[in-house]
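Engineer: no sequence on this one, just coordinates:
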Ligand code: AMP
């Protein structure tokens, strides 16, 4: 977890590849629904364009369907959910029904100037969803994905006004989750202002430490 621009998507995608686990991003699933113009996409679109949260019932139902698929048997990396206490409770309940629980919550602590710089230059692949950045992580070929050759675009919610709103929503709705997971001894905070590779190494160390403690 962390504010918009903390690097949740970038880190979660790479970590999922390293650990060979599925990456489940509620934002990506919602954007997919919008591009397919599905019923869910139509319901979610206005909320997302305003920088508001999509109603809990919609997102929680969407996640419940996703974690019913067989590929999550060995676990998964969740990105963008939960976004408020209500969703955190719903997640605990969903996992409990499957005799499992959240292992680690990684909080990417990020300063405001870094957030603004990252979001205002972010580019996303329209085909595989990979993230790039105009300055920090430029693609090799202009507006073209290094991984799959797809066209890159700027997210409609990455504009100054919506970024401001998303930060407000984060502070009000999502930041109480820091305390929620801290109280449950699940939370691991790390500074995420550095380059993506440095942050990834810290996350991998945390994951290894957790895995080793589990083996003993
Ligand atoms: P993200 O890709 O995680 O930055 O999410 C982009 C937008 O999708 C957010 O600003 C919300 O409008 C919506 N969204 C993603 N995940 C959730 C969630 N768990 N609950 C409500 N809205 C969400």
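Structural biologist: Yep, it's here. Keep in mind the model is a prediction, meaning the values are calculated, not measured.
Engineer: which residue is nearest the middle of this protein?
Structural biologist: Compute the mean C-alpha point of the chain, and by C-alpha atoms, centre = their mean the closest residue is residue 79, 3.0 Å away.
Engineer: What is the neighbour count of the closest residue to the ligand within the chain?
Structural biologist: Going by C-beta to the nearest ligand atom, the ligand is nearest to residue 27 of the chain, at 2.0 Å. All C-beta atoms are positioned from the backbone trio N, CA, C, and that covers glycine. Using other C-beta atoms under 10 Å, residue 27 has 20 other residues around it.
Engineer: now swap in the one 4 residues further on and tell me
Structural biologist: The local packing of residue 31 (other C-beta under 10 Å) involves 21 other residues.
Engineer: I'd like the distance between it and residue 45.
Structural biologist: Distance, residue 31 to residue 45, using C-beta to C-beta, to the nearest Å: 10 Å.
Engineer: that older thread, how confident was the prediction at the residue of the chain closest to the ligand?
Structural biologist: Here, the pLDDT recorded for residue 27 equals 95.
Engineer: Quick check, it in contact with residue 79.
Structural biologist: Yes: Residue 27 is within contact range of residue 79, at 7.5 Å (criterion: C-beta atoms under 8 Å).
Engineer: Pull up the overlap in contacts between these two.
Structural biologist: residue 9 (C-beta atoms under 8 Å, 6 or more residues apart in numbering).
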